[in-house]
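Peer 1: Could you work out the structure for the sequence below:
(10 chains)
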There are 10 protein chains.
Amino acid sequence: MSIIGKQIEPFTLQAYRNGDFVEVTDEDFKGKWSVLCFYPADFTFVCPTELEDLQEQYDELKKLGCEVYSCSADTHFVHKAWHDHSEAIGKITYTMIGDPSHKLIRMFDVLREEEGVADRGTFIIDPDGVIQAVEINADGIGRDASTLIDKIKAAQYVRNHPGEVCPAKWKEGEETLKPSLDLVGKI
Amino acid sequence: MSIIGKQIEPFTLQAYRNGDFVEVTDEDFKGKWSVLCFYPADFTFVCPTELEDLQEQYDELKKLGCEVYSCSADTHFVHKAWHDHSEAIGKITYTMIGDPSHKLIRMFDVLREEEGVADRGTFIIDPDGVIQAVEINADGIGRDASTLIDKIKAAQYVRNHPGEVCPAKWKEGEETLKPSLDLVGKI
Amino acid sequence: MSIIGKQIEPFTLQAYRNGDFVEVTDEDFKGKWSVLCFYPADFTFVCPTELEDLQEQYDELKKLGCEVYSCSADTHFVHKAWHDHSEAIGKITYTMIGDPSHKLIRMFDVLREEEGVADRGTFIIDPDGVIQAVEINADGIGRDASTLIDKIKAAQYVRNHPGEVCPAKWKEGEETLKPSLDLVGKI
Amino acid sequence: MSIIGKQIEPFTLQAYRNGDFVEVTDEDFKGKWSVLCFYPADFTFVCPTELEDLQEQYDELKKLGCEVYSCSADTHFVHKAWHDHSEAIGKITYTMIGDPSHKLIRMFDVLREEEGVADRGTFIIDPDGVIQAVEINADGIGRDASTLIDKIKAAQYVRNHPGEVCPAKWKEGEETLKPSLDLVGKI
Amino acid sequence: MSIIGKQIEPFTLQAYRNGDFVEVTDEDFKGKWSVLCFYPADFTFVCPTELEDLQEQYDELKKLGCEVYSCSADTHFVHKAWHDHSEAIGKITYTMIGDPSHKLIRMFDVLREEEGVADRGTFIIDPDGVIQAVEINADGIGRDASTLIDKIKAAQYVRNHPGEVCPAKWKEGEETLKPSLDLVGKI
Amino acid sequence: MSIIGKQIEPFTLQAYRNGDFVEVTDEDFKGKWSVLCFYPADFTFVCPTELEDLQEQYDELKKLGCEVYSCSADTHFVHKAWHDHSEAIGKITYTMIGDPSHKLIRMFDVLREEEGVADRGTFIIDPDGVIQAVEINADGIGRDASTLIDKIKAAQYVRNHPGEVCPAKWKEGEETLKPSLDLVGKI
Amino acid sequence: MSIIGKQIEPFTLQAYRNGDFVEVTDEDFKGKWSVLCFYPADFTFVCPTELEDLQEQYDELKKLGCEVYSCSADTHFVHKAWHDHSEAIGKITYTMIGDPSHKLIRMFDVLREEEGVADRGTFIIDPDGVIQAVEINADGIGRDASTLIDKIKAAQYVRNHPGEVCPAKWKEGEETLKPSLDLVGKI
Amino acid sequence: MSIIGKQIEPFTLQAYRNGDFVEVTDEDFKGKWSVLCFYPADFTFVCPTELEDLQEQYDELKKLGCEVYSCSADTHFVHKAWHDHSEAIGKITYTMIGDPSHKLIRMFDVLREEEGVADRGTFIIDPDGVIQAVEINADGIGRDASTLIDKIKAAQYVRNHPGEVCPAKWKEGEETLKPSLDLVGKI
Amino acid sequence: MSIIGKQIEPFTLQAYRNGDFVEVTDEDFKGKWSVLCFYPADFTFVCPTELEDLQEQYDELKKLGCEVYSCSADTHFVHKAWHDHSEAIGKITYTMIGDPSHKLIRMFDVLREEEGVADRGTFIIDPDGVIQAVEINADGIGRDASTLIDKIKAAQYVRNHPGEVCPAKWKEGEETLKPSLDLVGKI
Amino acid sequence: MSIIGKQIEPFTLQAYRNGDFVEVTDEDFKGKWSVLCFYPADFTFVCPTELEDLQEQYDELKKLGCEVYSCSADTHFVHKAWHDHSEAIGKITYTMIGDPSHKLIRMFDVLREEEGVADRGTFIIDPDGVIQAVEINADGIGRDASTLIDKIKAAQYVRNHPGEVCPAKWKEGEETLKPSLDLVGKI
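Peer 2: Numbering: from 1, shown residues only, chains lettered A, B, ... in the order given. All right, here's what the predicted structure looks like:
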């Protein structure tokens, strides 16, 4: 079964958010758009570049009414320490979830069983807590957060304009498609 | 379990390739890089824009030694007809796999059970037939094939340079990272 | 167990009907006679001759109060495209059901599992949604829709005249049989 | 799963054939075409008209290299008696199989469990013992054996001419179709 | 477990009775004594001599308030035909049950599974529907219905005279035994 | 499944035979005809009359090459005591099997579970150890051993004359039937 | 689990008691002390000496308010016959239970499965139907009923004097023990 | 199933024997007669009187070639301590087995599950390791070891004189019984 | 799953406490701190030194509101005897639980299955009946009860001062830690 | 079952050891004594004090031929970072195992399932890889590593001196006990 369309299940986890320890639950994902970014491990190499990249998009994402969460199998204590000691991570202001029991990591099907860590998966979740898009790279291949903006805009457009769909490479402001009988075979 | 790292399983399916009907098997995926692009249905709206977009990257992908396949639950007969009648699809020269029995669609976990069609999932598969990256969008949100080039370059670089990894937003020619003890917490 | 006498089960599917997309459910089969004609695939060879043949009987069947449906594993989008581009199919005015999830195809036991398409099966269904007759040919052997008229007339006659049965090769207006003790061994 | 394409399984049954009691096994179905005609019960009303109708086609069917068998849940003794006493049945020269243990009736999925008798099902079986066509009517609706000739001719033609298929209403001598890429959507 | 003492279970079957088709159910067995005579098949050899023999006892049995039924795996249609054409069977005035679904034959444990026919079993059933006596012969060995009269008389005597039992070879009017402490070891 | 045709299974039991304790096994039943007569209990009322009656047939049965056994749930010790003290039983010269563990009684399906004793069942077993006939009466109804002679003669005749069967009420020397096609429906 | 402390379960069996046939149930064991003496078989050798020995204690046991029962797999009819014919058994006035269905024999775990008879087990049961003592000997070794008196007296004393226990070899009137902290290790 | 006739299973346990710690296994029970005496607990009240009583029979038992073992759920350490401190137990020279894991106690079905201790069961085991006699008393009722001598003598006599059995109350030197046909019903 | 945090389950056992036999249940563990000390066996070697050592801490533990229990698979009778005869054990005034059925020993996962005795495990249980600390040594290695005092003080301090934790080697009166965001990585 | 005596199972994990990343397997635990110290999480509060405390004992432990390992659910990357940034942890020279997949944590039964972290458990493992001692504290209660030295000395002494055991509070050089019969109850 496809992960797309899956509803987020109840959970409660500890997180580090910009100088504070906070509790994050599935309820936080209801009522607004969210980006949830899994990565293998704190204090490693590709991960900080990805998280920093994501931070650079954070303002833009917030403007879109979209909250951002990172998540690894590390504890929130380790997130705090990494935040304290890493130049790249120190810039992060979004919520860093700690998931040492693999609850959230399993829920999104990104657990590497043998190693006990998460794959590089990014999920876009709509205000109903339903997964709308996913992108996962093998370890060693960093993601590019800039593509998130367009995807979220497309997802939001589609949600707000029932009956329209966004074609490939659609950018905000461009024309969308209105599926209709007449269009069948015409594109 | 994460789909990343999964080995492609044996299959045999009919396909339409640029004026011919051909048989495609898992063996075709061995020994070279592949992009496998699932989409819901022929003769619909977002799909042709995505497939056309993919065609535009095809030359570049071939230069990278990467073969391209599209796949839906439609038959190869329908692919042929669509190719004949759609301006966008008529340009396509890569292989269009027909999967009415949902074999391949289930193998990559992109079946919408209720509707019997595939989600918009794109997979990068390495020369060992192992999934290296995946991107799936909900229906109504078109993909952007241009990001594939960079991902494949990164995946190829990592495969060819054991001990190096590509940071976020890495472009060919940019610096990579060599994970080492000394780098821990330094990024 | 014989398929004859089986009651149609609940379902909801998309269909193409003479220029429109419509939803078809099991409820549409209640209260009138129906002919349900499965075939392997749109844009193939025997199928259009069969569907055209069925169309030629459609007026006569409607006069008998009998609705006609075709059904394949193709989507309703593909039915529309086929209708647009095929001379034979373009004449069709009855309902063309799309069943990519194989719901209806499995319900009538005509799925070729390996290929994911339907066999050439024609079913006569009475106003209670109960199967009264079936005819299935292997692929490559076209059906002859003209025999449907006589079968439906016989089935209707038997339904309307409890206590009478129709002998072999019975045509409307010919004599029927009234099974009785005295007839035993007399035919 | 569709009954079409099913291979006949091993069985041994007693039968009445034109004045003799004979044993019939699955081996008799190998190496030639066969028509197997199930019906509910000896000494009833529709059945003799169907069997007589079948007899009238028997010479023609034999010319096609096709053997004919009828089968009901009655014993071969009853077949003999019916043959002796019924004018219609007395003409029959093909093999009448007795199946009181329902072996063959179950094998072809035409058992009415509650009544313990067979439905009105006619099967065309190819020289490999594989079912090529089936027609089943509810009780009270007689079959028309004349359609068998054309179906068998079509099935034989297709078997003997790999790469050709018979369109709807095909009669011997008429043109067949050679499925090819070029024909897709052209019919 | 012994079949003696078993209660007849609910059933409904078609039968031929002296010129009519009738329905027989377990209710018919309540409130009077019954003889139920199974035999393998109509239109065979030993069976008619047995059924004729039973008919000869029928008047006497009726005087004893005992109804008589024969039963085979043949249909009631076949019973009618046999009645019409066989001199021996034509004399029969008791009820001939048709059991092609083996319901009653299984209930009395006389089914020959492989052949699908009944063994030569005769059962005496009391007014409570409880089996009081059974006699079964292998095929090829005819029964002698004359012994039934004495058995039923004995069974009736015992039912009507609680506290008395009938010794071996007991005939109506002869002395019975009153089991008592004093008789122990005295016979 | 019918008890007729069942093969006797291995067993070893103690018995009393005319002044001696002997061991009886299934091997004793091989190579000659046997009558096996179950009865509820020693020192009761109907039983001795039945066993005495059987003794009166014993000479005749031996002439037919048929051995005789009685069997109850009583021990061989009790059989000896009964033989010593009962006038009727004292005459018995055949083998009286003791079956307190219900081995043989269960094997022939004549155990009254609740009471732990056997029903009044008489079995004729052929030289292959296969049951050919059975007669069981409810308690209180004595059997008549005289009918055994005729049944065994019929069973022996049929065994020795393959292709012939004995009609109802057949007595030695009377005509038998040779089942043939011509006889069907002629009796 | 130990048999001691087990509660007698519901049962109903036939018995012979001093010239009468009576029914014995678990209810008879409630409200008074009982001795239940199993033995293998009537009309054997050790058994009558044991039962006679038990009879000799019967008066004394009755004085203690204790009822006596013997039980074997023989029927009550056989008990009566044995009582009639054996000098030793003829003296018996207590109840002789017949258990051919092994109900009671199984309940007290003294069934020799292979032989279908009981072991030589004697049980003392208190007025609550609970087993207080058991003695079982292998076949061939007779019991000595005289030890029962002392055991029952001890059991009754302990029941009537909570807080006291009877030492080894205790006889009525001798000193008992009052378990107390001070006695620990002092005996 | 009766415990009589059960074969002792393999075990290894620690024991205290007259000033030494020794290991006892099932092998020790092979080749000679044994008495195995279970009791609830060391340092209690009835138990020492029973064990002392058993000691008084020990010389006589040894003369009969019979070894003696006591067993409780206490450890061999506790047996040693009890032997040191109890006047009664201090006299004991036979083997005192410690069974805190309940191995042997379960094997002889004398475990009180709830309390974790053994019932007062005495077993006589023959040189084949097979149980020949058992006596179990409820707690609070001491056993009398003197009856063991006679039982063992009887068991030994029967073992050494195949074909003879010991009647009730048999004492060494008294007459035994030779079961024979002639004795049936004569005792 | 860790044993820490496990809630004590319901039980009732007999114990020896300073000259008395008492009943101990799980209820005794509610509302105050407890130390529960398992050991293999009474009358052995390491055990008394451990129990004596525990006694020396008993006054101090009581001052902390902490009750003390020892427990082995020996009965309370044996505990009493050991208390009477051992100089070391004679000093003990805390409760010595007897657990021959291994109820408590299994509940705390310290049963050596093969031997039926407990391991040397000491548990600290809080006033909610929840395990807070455990220490288990292999046999042959004695424990040191003096470390209990500090652990209980730490556990009590933590329970009474939510938000503070005790560092390694913490002694009463020393500084504790108040986990806070600021402390992360600062220790 | 007790954890004491359990054999370490095969595993392979990454670790940080004094400036290097190393792989640790079960093989490293064979042939020498080991201390394995689980703790909940890096960058927390009690944990560093415990690990520092353990470091202070490391030299002494090494002198005893004992290797030291810490283990938490954090990765070896995090261990490295903590080592870099924490004054207390920076002193550590023993091996810090990373176990994010909970392999080792489950193997030693110290996983807090809900939180995904380890309990504060310290294990002493002998040169055969068998657990000899364990100490676990609830969170918030620090351990005292100084007690390890004495336990290991005792465990080593016992291993090297078969037949001797160490009493409670034993210190190296003090007298041990030689369990013997004479000592029973003397301590």
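
Peer 1: Which stretches in chain A count as strands?
Peer 2: For chain A, the strands defined by DSSP state E cover A:12-17, A:20-25, A:33-38, A:66-72, A:95-98, A:111-112, A:117-118, A:120-125, A:131-137.

Peer 1: what residues does the third one touch?
Peer 2: What that stands for is strand A:33-38. With CB atoms under 8 Å, 6 or more residues apart in numbering or on different chains as the test, strand A:33-38 has contacts from A:28, A:50-51, A:54, A:61, A:64-72, A:104-105, A:108, A:110, A:118-127, A:143, A:145, A:148, A:152, A:155-156. All C-beta spots, glycine's among them, are computed from the backbone N, C-alpha and C.

Peer 1: and what of the fifth one?
Peer 2: The set of residues that contact strand A:95-98 without belonging to it, under CB under 8 Å, 6+ apart, is A:13-17, A:22, A:24, A:67-72, A:74-79, A:83, A:104.

Peer 1: buried subset of the residues you listed?
Peer 2: Listed as buried from the contacts of strand A:95-98 are A:13-17, A:24, A:67-72, A:74-79, A:83, A:104; burial here means 16 or more other CB atoms under 10 Å in any protein chain shown.

Peer 1: quick one on the thing from earlier: please produce a PyMOL select command covering the buried subset of the contacts of strand A:33-38.
Peer 2: Restricted to buried positions by 16+ other CB under 10 Å, the PyMOL selection for the contacts of strand A:33-38 reads:
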select buried, chain A and resi 28+50+51+54+61+64+66+67+68+69+70+71+72+104+105+108+110+118+119+120+121+122+123+124+125+126+143+145+148+152+155+156
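
Peer 1: could you show me where the helices are in chain A, in order?
Peer 2: Ranges of helices in chain A, per DSSP state H, are A:46-63, A:76-85, A:87-90, A:103-107, A:146-160.

Peer 1: I'd like to know how far residue A:152 sits from residue I:107.
Peer 2: Per CB to CB, to the nearest Å, residue A:152 is found 54 Å from residue I:107.

Peer 1: which residues does residue A:73 contact?
Peer 2: Going by CB under 8 Å, 6+ apart, residue A:73 touches A:41, A:99-100, A:102, A:105, A:116-118, J:73, J:75, J:100, J:116.

Peer 1: ok, which residues in chain A are in contact with chain J?
Peer 2: Within chain A, the positions adjacent to chain J are A:41-44, A:73-75, A:77-78, A:80-82, A:84-85, A:99-103, A:113-117 by CB under 8 Å from any CB of the partner chain.

Peer 1: I'd like to know which of the residues you listed are buried.
Peer 2: Among these, those buried by neighbour count (16+ other CB under 10 Å) are A:41-44, A:73-75, A:77-78, A:80-82, A:84-85, A:99-103, A:115-117.

Peer 1: for residue A:41, phi and psi?
Peer 2: phi -160, psi 140 (degrees, to the nearest 10).

Peer 1: Would you confirm that it contacts residue J:77?
Peer 2: Yes - using CB atoms under 8 Å, residue A:41 makes contact with residue J:77 at a distance of 5.5 Å.

Peer 1: Count the residues that sit near the spatially closest residue to residue A:107 that is not a sequence neighbour.
Peer 2: The shortest distance from residue A:107 to any non-neighbouring residue, by CB to CB, 6 or more residues apart in numbering or on different chains, is to residue A:9 (5.7 Å). Look at residue A:9: counted by other CB atoms under 10 Å in any protein chain shown, it has 11 neighbours.

Peer 1: Check residue A:9 and give its pLDDT.
Peer 2: Per-residue confidence (pLDDT) for residue A:9: 97.

Peer 1: what's the distance between it and residue J:176?
Peer 2: Separation of residue A:9 from residue J:176 (CB to CB): 58 Å.

Peer 1: hang on, the earlier thing: so which of the contacts of residue A:73 is the closest to residue G:162?
Peer 2: residue J:116 (56.7 Å; CB to CB).

Peer 1: Name the nearest residue to the closest one, ignoring sequence neighbours.
Peer 2: In this structure, residue J:116 finds its nearest non-sequential neighbour in residue A:101, 2.8 Å apart by CB to CB, 6+ apart.

Peer 1: before we move on, the earlier item: just the contacts of strand A:33-38 that are near chain I?
Peer 2: Residues of the contacts of strand A:33-38 in contact with chain I (CB under 8 Å from any CB): none.

Peer 1: what sits against the closest residue to chain H within chain A?
Peer 2: Among the residues of chain A, residue A:101 lies closest to chain H, at 38.1 Å counting by CB to the nearest CB. Going by CB under 8 Å, 6+ apart, residue A:101 touches J:113-117.

Peer 1: before we move on, what about residue A:172?
Peer 2: Residue A:172 neighbours (CB under 8 Å, 6+ apart): A:150, A:153, A:157.

Peer 1: of those residues, buried ones?
Peer 2: Neighbour counting by 16+ other CB under 10 Å classes A:150, A:153, A:157 among the contacts of residue A:172 as buried.

Peer 1: Could you list the low-pLDDT ranges of chain A?
Peer 2: Scanning chain A for pLDDT under 70 picks out A:1.

Peer 1: hmm, 90 instead?
Peer 2: Low-confidence segments of chain A (pLDDT under 90): A:1-2, A:45-49, A:139-147, A:162-187.

Peer 1: what does it put close to chain I?
Peer 2: With CB under 8 Å from any CB as the criterion, chain A meets chain I at residues A:19-21, A:77, A:80-81, A:84-85.

Peer 1: so which of the residues you listed also contact chain B?
Peer 2: Checking the residues of chain A next to chain I against chain B (CB under 8 Å from any CB), the matches are residue A:85.

Peer 1: Any figure for the gap between the residue nearest to residue J:116 and chain B?
Peer 2: Using CB to the nearest CB, to the nearest Å, one obtains 17 Å as the distance from residue A:101 to chain B.

Peer 1: and that residue, backbone torsions?
Peer 2: Backbone torsions for residue A:101, taken as degrees, to the nearest 10, come to phi -90, psi 0.

Peer 1: Would you quantify the distance from it to residue C:163?
Peer 2: Per CB to CB, residue A:101 is found 73 Å from residue C:163.

Peer 1: Kindly report the same for residue A:87.
Peer 2: Distance, residue A:87 to residue C:163, by CB to CB: 94 Å.

Peer 1: cool, and residue A:178?
Peer 2: Residue A:178 is 58 Å from residue C:163, where distance means CB to CB.

Peer 1: in chain A, what residue is nearest chain G?
Peer 2: Closest residue of chain A to chain G, CB to the nearest CB: residue A:101 (43.2 Å).

Peer 1: For the residue in chain A positioned nearest to chain D, grab the count of nearby residues.
Peer 2: Closest residue of chain A to chain D, CB to the nearest CB: residue A:185 (10.7 Å). For residue A:185, the tally of surrounding residues (other CB under 10 Å) stands at 24.

Peer 1: Next, the contact list for the nearest residue to it once chain neighbours are set aside, please.
Peer 2: Closest residue to residue A:185 apart from its sequence neighbours, by CB to CB, 6+ apart: residue C:81 at 4.3 Å. With contacts defined as CB under 8 Å, 6+ apart, residue C:81 is in contact with A:184-185, B:42-43, B:78, B:81-82, B:85, C:42.
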